[in-house]
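Undergrad: need coordinates for the below:
(one chain, ligands or ions: 2)
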Amino acid sequence: MFSSAAKVLHLFGCRGARSTSSRFRAARVDAIQVPTSDFHERTSSLVIRGDDENRPVVRNFSASARASQHTVLQLDGTQSQNATIEVQDDGRILEVTWRDNTHSRYHGIWLRHNCQCSDCKQAFSGQSLIEVSEIDPSQLKISNAKLIDDMLEVEWDEGQTVHHGKVPIHLLHENCYSEEARRRRKDESRIKQLHGGVIPRHCYHDIVKSDTAMLSWLQSINDYGLAVVTDIPLHEGAVVEFAELVSPVQFGIYGKTYDIKYNPEPINIAYSSVPLGFHTDYIYLEAPLGVHLLHCLRFDPEVKGGESIFVDAFLVAEELREKHPDHFETLVRVPATFQKIHVDRDFPVYMKFQTPTITVNHEKEIVAVRWGPYFEAPLQVAEEDVLPYYQAQHVFGKLLQQSETRLKYRLQPGECVTFNNRRLLHGREGFTLNGGMRFFKGCYLNIDEVKSKTQLLMITEGTGKLAKRVGNHCFL
Ligand SMILES: [Fe+2]
Ligand SMILES: [Zn+2]
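TA: Ligands and ions are numbered 1, 2, ... in the order given. Have a look, this model is predicted:
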C-alpha cells in the first residue's frame with residue numbers, strides 16, 4: 001500500500017503520552033515523509049508544525065547522537081527537537097522522552113518484533129521475515145541502544161544469540177501504546193451523529209473529478225454512516241460504474257447488482273410493496289455486505305409512500321447499554337440465528353449463521369451490530385435465555401423505532417443513497433404505485449475496501465487522522 005516512493009505516513013502516536021510538563025509548548029510532529037524505496041535508510045524528513053500554526057514546515061532530520069544509553073536526537077534549524085532514550089528494567093524496557101516531555105515505553109520484545117533490519121523485514125514486500133513466537137521473551141534483553149538520525153539502533157541479547165537491528169523513530173511514535181495514546185486514537189475514531197437529521201449530500205460530477213470530493217463523500221459515510229450522492233446518470237449501469245471508483249463491487253446472492261422494482265411474485269419482500277422494517281442486508285453471512293448503494297432511476301410522483309428509512313444501530317445500541325444494561329448484556333451474550341434458505345432458485349442457498357446481535361471487544365466497546373428480524377431462524381439457546389432474549393430484543397426494537405437518529409428520505413431520480421450496512425439499519429415505508437413506477441438499482445462495496453480507500457485519502461488529501469470504526473468487528 002505504501003510501496004511507492006514518498007508516501008506520507010502520519011504520526012498517530014504520542015502527543016497523548018504521559019506528560020510531565022503542561023507548560024512545555026512543543027512544535028508538533030505531524031508526519032514523516034518516507035521515501036519507502038529506502039525505508040531503512042536515514043533519509044526521512046519530518047513535517048513539523050507549531051501547535052498554533054496551520055502551515056507545515058519541512059525540516060531535515062539529523063542527529064547528534066551520543067552512543068550511549070542516553071542518546072540525544074536533534075533536528076536542523078533553530079528549534080531544538082529532542083528525543084532521548086533510556087534502557088530500563090535490566091534491558092526489558094526502552095523509554096523514549098519526546099521533545100514535549102512526554103514519554104513512551106516499549107518492551108524489548110515489542111521492539112524486537114518490530115525490527116526493520118534487512119534480516120527481519122523484506123524489502124519491497126514490507127513483510128516480516130521473523131517468527132517472533134520462536135523468541136523467548138523471558139530470555140531477551142536490550143543490551144545496547146542508540147539513536148542515529150531517525151533510527152533507533154538496538155542490540156538484543158536473546159540468550160543464545162545476539163541480534164543487531166533497527167526501528168525507525170516514526171514507527172515508535174506512530175505506535176506508542178501508552179494509555180493516553182491509545183485513548184487519543186479511540187477519540188479520533190469515535191463515530192458522529194447527524195445534526196438535525198440532515199443527510200450529507202455530495203455531487204457525482206465532483207466525486208468523479210476530484211480525490212478531495214471523493215474523500216468528502218467517503219468521510220460522510222465514515223462519520224455519519226450515510227450520504228446521498230446527487231446527479232448520477234440515469235442509466236442502469238451507472239451505480240456500478242460509480243461504485244467501482246472505490247473498488248470492485250461485492251457480489252451477493254442476487255449477483256453484482258440488483259433491481260428494486262415492484263414484482264407481483266417477489267422472491268424477496270424487498271421486491272414487493274409492503275413496508276420493510278429496519279434490517280441489516282445479508283445478515284446471514286459471516287461478513288454482511290458493506291456499503292450499500294441504492295440508485296434511484298425512477299420514483300414517480302403518483303407513487304404514494306415508499307420513502308427510505310434509516311437508523312444508526314451503533315448509537316441506539318449505546319443507548320440500550322445506558323438505559324437497559326441488563327438487556328444490552330443479553331444481546332451481547334445470547335446468540336440469534338440468521339438464515340437464508342432458498343433452494344427453489346437457479347443458485348440454491350442454504351445459509352445459517354449464529355451470532356449475538358451486538359458484539360463488543362475486550363474493552364466492552366461495540367465493534368459490530370446486526371439486526372434482521374426477517375431473517376431470524378428459530379432461537380437455539382438455553383431455556384433460561386429464551387425469555388431474556390425476547391425481552392431484550394423487544395426493548396432494542398422499540399429504541400430503534402423511537403431513536404432520534406431515525407431518518408426518512410424520499411429518493412429522487414438521479415440520487416443514490418450510500419450507507420454502511422454494518423452500522424445503519426435501513427427499511428422503507430409501504431407504497432401504492434397508482435400507475436407510477438418506483439425503480440432503484442442497488443449494489444454493494446466491501447467495507448474493508450471502503451475503509452481502506454477512506455484512510456488512504458485521509459492521508460493524502462486530508463488530516464491524516466484515523467478512519468472511524470465501521471462495524472466490521474475490528475477493535476480499532
Ligand atoms: Fe435491505
Ligand atoms: Zn532485525
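Undergrad: contact residues of the protein facing ligand 2?
TA: Contacts of the chain with ligand 2, taken as C-beta under 5 Å from the ion, map to 115, 117, 119, 120, 165. All C-beta spots, glycine's among them, are computed from the backbone N, C-alpha and C.
Undergrad: could you pick out the buried ones from those residues?
TA: 115, 117, 120, 165 (16 or more other C-beta atoms under 10 Å).
Undergrad: which SS class is the last one?
TA: The one in question is residue 165. Of the three states, residue 165 takes strand under DSSP: H, G, I helix; E, B strand; the rest coil.
Undergrad: please name the bridge partners of it.
TA: Taking DSSP bridges as the rule, residue 165 bridges to residue 154.
Undergrad: what mean pLDDT does the helix or strand in which residue 387 is found have?
TA: According to DSSP states H and E, residue 387 maps onto helix 383-402. The predicted model gives helix 383-402 an average pLDDT of 98.
Undergrad: now do it: distance to the chain's middle.
TA: Taking C-alpha atoms, centre = their mean, to the nearest Å, one finds helix 383-402 lying 29 Å from the centre of the chain it belongs to.
Undergrad: the buried ones among the residues of the chain next to ligand 2 in helices, which ones?
TA: Assigned to helices by DSSP state H, none of these qualify.
Undergrad: quick one: which of these is nearest residue 315?
TA: residue 115 (42.0 Å; C-beta to C-beta).
Undergrad: just give the closest residue to the closest one, not the sequence neighbours.
TA: residue 165 (3.6 Å; C-beta to C-beta, 6 or more residues apart in numbering).
Undergrad: now swap in residue 226 and tell me
TA: residue 419 (3.6 Å).
Undergrad: with residue 361 instead?
TA: residue 475 (4.6 Å).
Undergrad: contacting residues around that neighbour?
TA: Residues in contact with residue 475 (C-beta atoms under 8 Å, 6 or more residues apart in numbering) are 361, 362, 363, 365, 367.
Undergrad: select only the buried ones of those residues in PyMOL?
TA: Restricted to buried positions by 16+ other C-beta under 10 Å, the PyMOL selection for the contacts of residue 475 reads:
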select buried, resi 367
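Undergrad: just the ones of the contacts of residue 475 in strands?
TA: Those of these mapping onto strands are residue 367, per DSSP state E.
Undergrad: tell me which of the contacts of residue 475 is nearest to ligand 2?
TA: residue 362 (29.9 Å; C-beta to the ion).
Undergrad: all strands for the stretch 101-250 of the chain, in order.
TA: 102-107, 141-148, 151-157, 162-168, 201-203, 226-230 (DSSP state E, counting those that start in this stretch).
Undergrad: could you give the average pLDDT over the third one?
TA: Averaging pLDDT along strand 151-157 gives 95.
Undergrad: one more: the fourth one?
TA: For strand 162-168, the mean per-residue pLDDT is 96.
Undergrad: what's the angle between it and strand 141-148?
TA: Relative orientation of strand 162-168 versus strand 141-148 (axes from the mean of the first three to the mean of the last three C-alpha atoms, to 10 degrees): 40 degrees.
Undergrad: who does strand 162-168 touch, helix- and strand-wise?
TA: helix 108-113, strand 151-157 (3 or more C-beta pairs under 8 Å, 6 or more residues apart in numbering; DSSP states H and E).
Undergrad: tell me which of the ones you listed sits nearest to residue 328.
TA: Of the helices and strands packed on strand 162-168, nearest to residue 328 by C-beta to C-beta is helix 108-113, at 34.3 Å.
Undergrad: distance from that closest one to the middle of the chain?
TA: 26 Å.
Undergrad: who does it touch, helix- and strand-wise?
TA: strand 93-97, strand 141-148, strand 151-157, strand 162-168.
Undergrad: do that again at 10 Å, thanks
TA: strand 93-97, strand 141-148, strand 151-157, strand 162-168, helix 169-174 (3 or more C-beta pairs under 10 Å, 6 or more residues apart in numbering; DSSP states H and E).
Undergrad: where does the prediction get shaky in the chain?
TA: Within the chain, the stretches with pLDDT under 70 are 1-82.
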